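Undergrad: mind folding the following:
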Amino acid sequence: MIYLIALLATPIVPAGDVFNCTPIRVWDGDGPIWCKEGPRVRLSGIAAREMDGSCRKGHPCPKASAIAARNALVRLVGKSRGKSSQGHVLVSGPTLRCVSVGGAGGNRTAAWCRSPTKGDLSCAMVKGGYALKWSKYWKRHRC
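TA: All right, here's what the predicted structure looks like:
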């Protein structure tokens, strides 16, 4: 019950706002990344496979497996500390600096995020082959 209440109370960061995200959980290769500060971040401009290995209709579909993509994102944001009972990888890492592009469906904020040690996360996931650019959302973003 507490998990459900916390899920429903998750804030969507307004588009254009800059915010910090100290990562504590990762679901898959494009997020969400759960932030200690509250938001759940869906990385902007990219698509990775769903955790069941599928790609959603109308989404770009990378060759990399869902597990490989998720593990790559975990390495970009920090270090794994195990798994939650819901299947999230628990992580600890440096605080990310993110710029919101608004809601990403449900309780997620779409955002461009930079790690102080790894740089732009969306760019790194594409460069590593774990995700594909999603033109509809990538727009004029530069790495």
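Undergrad: for the protein, which spans come out with low pLDDT?
TA: 1-9 (pLDDT under 70).
Undergrad: phi, psi of the residue nearest the centre of it?
TA: By Cα atoms, centre = their mean, the chain has its centre lying nearest to residue 31, at 2.7 Å. Phi and psi for residue 31, reported as degrees, to the nearest 10, are phi 110, psi -180.
Undergrad: let me see the contact set for it.
TA: Counting by Cβ atoms under 8 Å, 6 or more residues apart in numbering, residue 31 makes contact with 40-43, 73, 108. C-betas here are computed from N, CA, C, even on glycine.
Undergrad: switch to 10 Å and redo it
TA: Applying Cβ atoms under 10 Å, 6 or more residues apart in numbering, we find residue 31 in contact with 23, 25, 40-44, 46, 48, 70, 73, 77, 104, 108-111, 113, 121-122.
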